[in-house]
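Participant: Here's a sequence, model it:
(2 chains)
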Amino acid sequence: MANDRYEAHDYYLMDDLLSDEHKLIRDSARAWVKQEVSPIIEDYYERAEFPKQIIPGLGAIGGFGPYIPEEYGGPGLDQISYGLIMQELERCDSGLRSTSSVQSSLVMYPIWKFGSEEQKQKYLPKLATGEFIGCFGLTEPDFGSNPGGMVTNIKDAGDHYILNGAKMWISNAPFADCAVVWAKNEEGRIKGLIVDRGMEGFETPEMHGKHSLRASATGELIFNNVKIPKENILPNKDGLGAPLQCLDSARYGIAWGAIGAALDCYDAALRYSKERIQFGKPIGSFQLQQKKLAEMITEITKAQLLTFRLGQLRNDGKATSSQISMAKRNNVDMALKIAREARQMHGAMGISNEYPMMRHMANLESVITYEGTHDIHLLITGMDVTGIPAFQ
Amino acid sequence: MKILVCISKVPDTTAKISFTDGDTKFNEAGVQFIINPYDEWYALVRGLELKEANNGTVTTISVGGPDYDPIIRKALAIGADAAVRIDAQPTDSYQVASEIANYAKDNGYDMVLCGKETIDYNGSQVGGMIAELMDLPYVSLAVKLEVNGTIATIERDVQGGTEVVEVSGAFVLSASKGMAEQRIPNMRGIMQARTKPLTVVPASGSSAMTEVVSYELPPAKTACKMVDAEDMDELISLLHNEAKVI
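Facilitator: Reported below is the predicted structural model:
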């Protein structure tokens, strides 16, 4: 990826639907990614390390909470701008987008929507620049698709709470300055709270051995009688609906991000099909290769249209959780299939790190099950159209 | 320090080039446009560096229609303080230079910076013409620009070495690669660009002095012919009879 030759593809002239500012935001994010991240991503992926030095730049291009209002240090952009930034980040690597998604949708969003004014002033401006990195603790070792069963809990101890439990598979955990954690109170009600690094009894060990999202740091959050000041509770919403609302925002970003990964794979395959000669002709001359490419751009175009419309609905405050589930599920599955086909088109070269498909494919194997698995999102659509939940 | 930077709109470097109107016009259909890289990466960014070091202002100037506004807004996002668009379709180098000179002569700029050429028509004339029309010194193909008081020290790449030029007072300069590093607009710049002034000025009515009769694309690349390294006779024969170069 040292020489990032990516060119975007816009088969249905979707750019005509974007404002000049949307395009400037997207093109600036793309230029920054090409300059700062593409040259190093393969190296960090192989070493299984997040390139922390890019954090200030990621903040500067709007990678952290682009929809957060200016009064809290954000740029106050619309949902389509947020989506376009996620698309450009995941075009490079899902791990890069994950870091940005988590900070934006799972840390800044709940503080903005459910936090007190003091919490917003204290955390949001620093999270917007990347001076603070945050993480989000919902998933537990025994509670993934069923987060309502969580065992992490808080007990009222007068002027503070005592937090106990553990969270797992937490992006950004190993170096996060703060964590938005969801825990049950003594009445079994889920509450959101902010846990700061350095609080006694709070540890964030890194998880190793991942075959996916290797350029993103993943860890556990362990709480052993952590004293949580009462002002660290998010006061304005509780219950499972609060974290699920955050996940709506993150899943919406993933829907856009997956298009980026798919575009990168398609772009690589299209170029390779014209350059690779077999039987005296470019392999793009052969019908089976053209079938692959034609189906890829068809699926990408459908996803672009679906997701742009979802962006409009988000801007109007009308997008439902089920609509977001449909886009997340469709787009990640689409991107994963395209990554596999694009890798095959490259033959043996497709498994090397000179091309991005194999890395995207491995990353997307996480993305297809995190933030709601492929199957759970299908059941959400099933529940939405029948009115009957099939989870239990 | 008042700096004027000329900004031109050019097709993206990956654009497919074709012509219309009997090969007399560039076909803009489906083409993405960008700021001419020599204007953006070198002239504008060096202007911004000087402004930041000397507490000045950078104004961009362009000759073009409303289709120029997105690239002008990008120049503002990169850091220019204000922009002027002279409302006329650009036709040739003289018309563009004349419109810019007519605007600039009454506004007391300390320097007028432009790229060494645009990457589409490669005219490399506008800077020199502006200087002539404003009766100012012109330094072309500059790779370094330092300003100390009223003296500008400019380095130019010349064959086999570097030429150092000093200019006193206002001047016009065309910038080459190496003068500055590209700046990518950040979110703060994009937000600030929303409210920076983009003033549209009526054209002074300058006319073109030249007319393009036709364009043609370079001949398509032909396939490589591989010759066995041992077969000198075949190589000589091909160079003599087919390529006709020996």
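Participant: Up against chain A, what does chain B have?
Facilitator: B:14, B:69-70, B:73-74, B:77, B:182, B:184-188, B:190-191, B:194 (Cβ under 8 Å from any Cβ of the partner chain). C-betas here are computed from N, CA, C, even on glycine.
Participant: buried sites along the lengthiest helix in chain A?
Facilitator: Criterion DSSP state H: the longest helix present in chain A is helix A:241-275. By 16 or more other Cβ atoms under 10 Å in any protein chain shown, the buried positions in helix A:241-275 come out as A:242-270, A:272-273.
Participant: now swap in stretch A:379-392 and tell me
Facilitator: Quick answer for stretch A:379-392 (16+ other Cβ under 10 Å): A:379, A:380.
Participant: residue with max distance from the center of chain A?
Facilitator: Relative to the centre of chain A, and counting by Cα atoms, centre = their mean, the farthest-placed residue is residue A:280 at 42.8 Å.
Participant: Please report how far residue A:142 lies from residue A:27.
Facilitator: The gap separating residue A:142 from residue A:27 is 45 Å, by Cβ to Cβ, to the nearest Å.
Participant: Compare these two and say which is more crowded by neighbours.
Facilitator: residue A:27 (20 against 11; other Cβ atoms under 10 Å in any protein chain shown).
Participant: what about the helices in chain B?
Facilitator: For chain B, helices defined by DSSP H occupy the ranges B:37, B:45-54, B:69-78, B:93-104, B:126-134, B:187-193, B:232-237.
Participant: what residues does the fourth one touch?
Facilitator: Outside helix B:93-104, the residues that touch it by Cβ atoms under 8 Å, 6 or more residues apart in numbering or on different chains are B:4, B:6, B:8, B:61, B:63, B:84, B:86, B:88, B:90, B:112, B:123, B:125-130, B:133-134, B:201, B:203-204, B:206-210.
Participant: Residue B:19 against residue B:28, yeah?
Facilitator: No. Residue B:19 lies out of contact with residue B:28 (Cβ atoms under 8 Å); the separation is 10.5 Å.
Participant: Which one of those two is surrounded by more residues?
Facilitator: Neighbour count, other Cβ under 10 Å: between residue B:19 and residue B:28, residue B:19 has more, with 15 against 12.
Participant: and the more buried one, what is it in contact with?
Facilitator: Going by Cβ under 8 Å, 6+ apart, the list of residues near residue B:19 reads B:25, B:26, B:27, B:215, B:217.
Participant: ok, so of the residues you listed, who is nearest chain A?
Facilitator: Distance to chain A, by Cβ to the nearest Cβ, is smallest for residue B:27 among the contacts of residue B:19, at 16.3 Å.
Participant: of the contacts of helix B:93-104, buried ones?
Facilitator: Going by neighbour count (16+ other Cβ under 10 Å), the contacts of helix B:93-104 have B:4, B:6, B:8, B:61, B:63, B:84, B:86, B:88, B:90, B:112, B:123, B:125-130, B:133-134, B:206 buried.
Participant: Name the SS class of residue A:49, please.
Facilitator: coil (DSSP: H, G, I helix; E, B strand; the rest coil).
Participant: returning to what we had before: so how do I select the buried members of the contacts of residue B:19 in ChimeraX?
Facilitator: Here is the ChimeraX command that selects the buried residues among these (16+ other Cβ under 10 Å):
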select /B:26,27,215
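Participant: Just name the closest of the contacts of residue B:19 to residue A:182, please.
Facilitator: residue B:27 (56.7 Å; Cβ to Cβ).
Participant: Roughly how far does the closest residue to residue A:352 other than its chain neighbours sit from residue B:9?
Facilitator: Sequence neighbours aside, residue A:358 is the residue nearest to residue A:352 in space, at 7.8 Å (criterion: Cβ to Cβ, 6 or more residues apart in numbering or on different chains). For residue A:358, the distance to residue B:9 equals 39 Å [Cβ to Cβ].
Participant: quick one: which of these two has more around it?
Facilitator: residue B:9 (22 against 18).
Participant: if we can go back for a sec, if we look at chain B, which of the buried residues of helix A:241-275 are close to it?
Facilitator: Counting by Cβ under 8 Å from any Cβ, nothing from those sits close to chain B.
Participant: for chain B, what are the nearby residues on chain A?
Facilitator: So chain A meets chain B at A:7, A:20-21, A:23-25, A:28, A:31-32, A:35, A:60-62, A:66, A:70, A:75-76 (Cβ under 8 Å from any Cβ).
Participant: Apply the buried test to these and list what passes.
Facilitator: Buried among the residues of chain A next to chain B (16+ other Cβ under 10 Å): A:21, A:23, A:24, A:25, A:28, A:31, A:32, A:60, A:61, A:62, A:66, A:75.
Participant: Take those and write them to a markdown table, including secondary structure and pLDDT.
Facilitator: What follows is those, written out as a markdown table (DSSP: H, G, I helix; E, B strand; the rest coil; pLDDT from 0 to 100):
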| residue | secondary structure | pLDDT |
| --- | --- | --- |
| A:21 | helix | 96 |
| A:23 | helix | 97 |
| A:24 | helix | 97 |
| A:25 | helix | 98 |
| A:28 | helix | 97 |
| A:31 | helix | 96 |
| A:32 | helix | 97 |
| A:60 | helix | 97 |
| A:61 | coil | 97 |
| A:62 | coil | 97 |
| A:66 | coil | 97 |
| A:75 | coil | 94 |
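Participant: ok, residue A:170 touching residue A:217?
Facilitator: No. Look at residue A:170 against residue A:217 with Cβ under 8 Å: they stay out of range, at 9.3 Å.
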